[in-house]
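> sequence first, predicted coordinates after that:
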Amino acid sequence: MIGAVGKERAGGELTARLRLLKALSLAGVLLTALVVLVGAWTRLVDAGLGCPDWPGCYGQLVVPDAERARLHSPDAPLETFKAWVEMGHRYIASALGLLVIALLALGSRLRRVDGYPWRVSVVLLVVILLQGAFGAFTVTLRLWPQVVTLHLLGGLTVLVLFLWLYLRLRRFKQGALTSEGTVAPASPPRRLSSLWGVAIGALVLQLALGGWVSSNYAGIACQGFPTCNGQWWPSMDWSEGFHLTQTVGPNYLHGQLHADARVAIHQGHRLGALLLGLALVLLAARHWKERAMRPWLGGLVGVYGGQLTLGVVNVLLWLPLSLALLHTAGAVALVVLMTLAVWQRRTAAATADEASVQGPGKEWTHG
C-alpha cells in the first residue's frame, strides 16, 4: 500500500514538473519571437549603436543622463530613445538566458529518463551563450554585417530549439507512465526526403539573404517591381556585395557598400525568394494527399505568399517601419511553420491517406 502511494506521488510530481517545463518552453518560443522582432525594430530605428558599449550602456546597467554619457564616451553623444530601445532589447534577451537556466534546473532530475530531451536543453543553453557573444560583437564591431546576419540566424535557431523542446516535452508528457514513474519511449521518427532538405535549405538561405539585405541597408537599393531601377537585370557588383571576408570597421550604421553592390544583394534576395517559393510549392504538392500535413504545408505556402506581397509593398513604399516589421514577423512565422511541418512529418503515425498512397503490403519509404 505504501509503495503504491509512493509511486502515485512520484507520478504526480513528474506530471507537475513536466507541465511546468512545457509551459516554460512555450514561453521561450513566444519570448524569442519577441526578441527577434524587437531586434529588427532596434535596427530599423537605427538604435543598434544606441549604447556604444556592452553589456551596459555608457558603463551603466540603465540608460544614464547626458552628462554621465558624455563623461563615459565623449565621441558617442547620448540619444536617449535609441539607448532605451537598445537596452530594452538586451533586457528581454537576458530573460531568455534565465529561462533556459530554469529549464535546465527543472529538467536535471529527468536527464537520465529515456526519451527526455535533455540534449536539446543543453544545446539551447550553448546557442543562447553564443547569441550573447554575437550581441556583444554586434556593438563592439559596430554593426559588422557578418555578425548582424549571424545574430539574426542565431535568434531564429533559438526559436526553433525552444519550439522543438516544447514539442518533445509534449510528446514525452503524453507518453504512458510506467510503474517506475518514467515515460515509455516513443516510436522512432521517420527520415525526411531530399525534397525536405532542399526546402529547409532554401528557407535558411533566404533568411540569411534577408539578414544580409538588412545589415547592408539594401532594402530599397532596387526601386520598382518586378524590374529593378527600371531594368530587368541592372548593373550589379556581386563580388563586392557578397564579399564575406571584408575588413571590420569603422562603423557600418547605414552601410558602407556602393550602389551596385547593394543592388546585387537586393537582387540576390529576390532570386532566393523564387527558389524558396518553388521548393515550398513542390513540397506541398508532394505531400498534399496526407491530411495531417495540409495545415502546415498550406500555412507555409500562404505565409510565403504574404511575405512576397510584403516584400513588393516594402519596395514600392520605401520600407515603412510597420511593414518592415511585419516582413520580419513573416520570416518568424515561416520558421515556426517549417519546424511544425518537419515535426509532423517525422513523428506522426501513418494515416489512412498514406496507406492509400503506398498501396497494400508496401512499406512507406519516401520520407
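Arrived safely.

> show me where this protein has helices.
With DSSP state H, the ranges of helices along the chain come out as 2-44, 66-72, 80-107, 118-140, 145-174, 194-215, 238-241, 259-287, 294-316, 321-347, 352-358.

> can you list those helices in TSV and add distance to Y58, mean pLDDT and mean neighbour count?
(Glycine included, C-beta is placed from N, CA and C.) Formatted as TSV, the helices of the chain follow (distance: least, C-beta to C-beta, whole Å; pLDDT from 0 to 100; neighbours: other C-beta atoms under 10 Å):
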stretch	distance to Y58	mean pLDDT	mean neighbour count
helix 2-44	17	84	17
helix 66-72	4	96	14
helix 80-107	8	97	18
helix 118-140	12	96	17
helix 145-174	21	94	21
helix 194-215	24	98	20
helix 238-241	35	96	15
helix 259-287	32	98	19
helix 294-316	34	98	18
helix 321-347	26	97	19
helix 352-358	60	41	13
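
> distance to A221 added to those helices, as JSON lines?
Below are the helices of the chain laid out as JSON lines (distance: least, C-beta to C-beta, whole Å):
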{"stretch": "helix 2-44", "distance to A221": "16"}
{"stretch": "helix 66-72", "distance to A221": "34"}
{"stretch": "helix 80-107", "distance to A221": "24"}
{"stretch": "helix 118-140", "distance to A221": "22"}
{"stretch": "helix 145-174", "distance to A221": "14"}
{"stretch": "helix 194-215", "distance to A221": "8"}
{"stretch": "helix 238-241", "distance to A221": "9"}
{"stretch": "helix 259-287", "distance to A221": "4"}
{"stretch": "helix 294-316", "distance to A221": "9"}
{"stretch": "helix 321-347", "distance to A221": "14"}
{"stretch": "helix 352-358", "distance to A221": "45"}
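
> quick one: closest of these to G50.
Nearest of the helices of the chain to G50, taken as C-beta to C-beta: helix 80-107 at 3.4 Å.

> returning to that earlier point: so for C51, which of the helices of the chain sits nearest?
For the helices of the chain, the distance to C51 is smallest for helix 80-107, at 4.9 Å, taking C-beta to C-beta.

> quick one: the residue nearest to A66 when sequence neighbours are not counted from G48, how far?
Distances taken as C-beta to C-beta, 6 or more residues apart in numbering put L78 closest to A66, at 5.0 Å, once the chain neighbours are dropped. From L78 over to G48 the distance is 15 Å, taken as C-beta to C-beta, to the nearest Å.

> relative to L253, which of the helices of the chain is closest?
Across these, closest to L253 is helix 2-44 (C-beta to C-beta), at 9.7 Å.

> what helices or strands is that closest one leaning on?
helix 80-107, helix 145-174, helix 194-215, helix 321-347 (3 or more C-beta pairs under 8 Å, 6 or more residues apart in numbering; DSSP states H and E).

> tell me what angle that helix forms with helix 321-347.
150 degrees (axes from the mean of the first three to the mean of the last three C-alpha atoms, to 10 degrees).

> so how far is helix 2-44 off the chain centroid?
18 Å (C-alpha atoms, centre = their mean, to the nearest Å).

> cool, and stretch 99-113?
That offset, for stretch 99-113, works out to 23 Å (C-alpha atoms, centre = their mean).

> endpoints of that stretch, how far apart?
End-to-end distance of stretch 99-113: 22 Å, with C-alpha to C-alpha, to the nearest Å as the criterion.

> tell me which residues are up against it.
14, 17-18, 20-21, 24-25, 27-28, 31, 116, 118, 121-122, 124-125, 128, 165, 182-183 (C-beta atoms under 8 Å, 6 or more residues apart in numbering).

> at 10 Å instead, please
With contact meaning C-beta atoms under 10 Å, 6 or more residues apart in numbering, stretch 99-113 is reached by 13-14, 17-18, 20-21, 24-25, 27-28, 31-32, 116-122, 124-129, 158, 161-162, 165, 169, 172, 180-183, 185.
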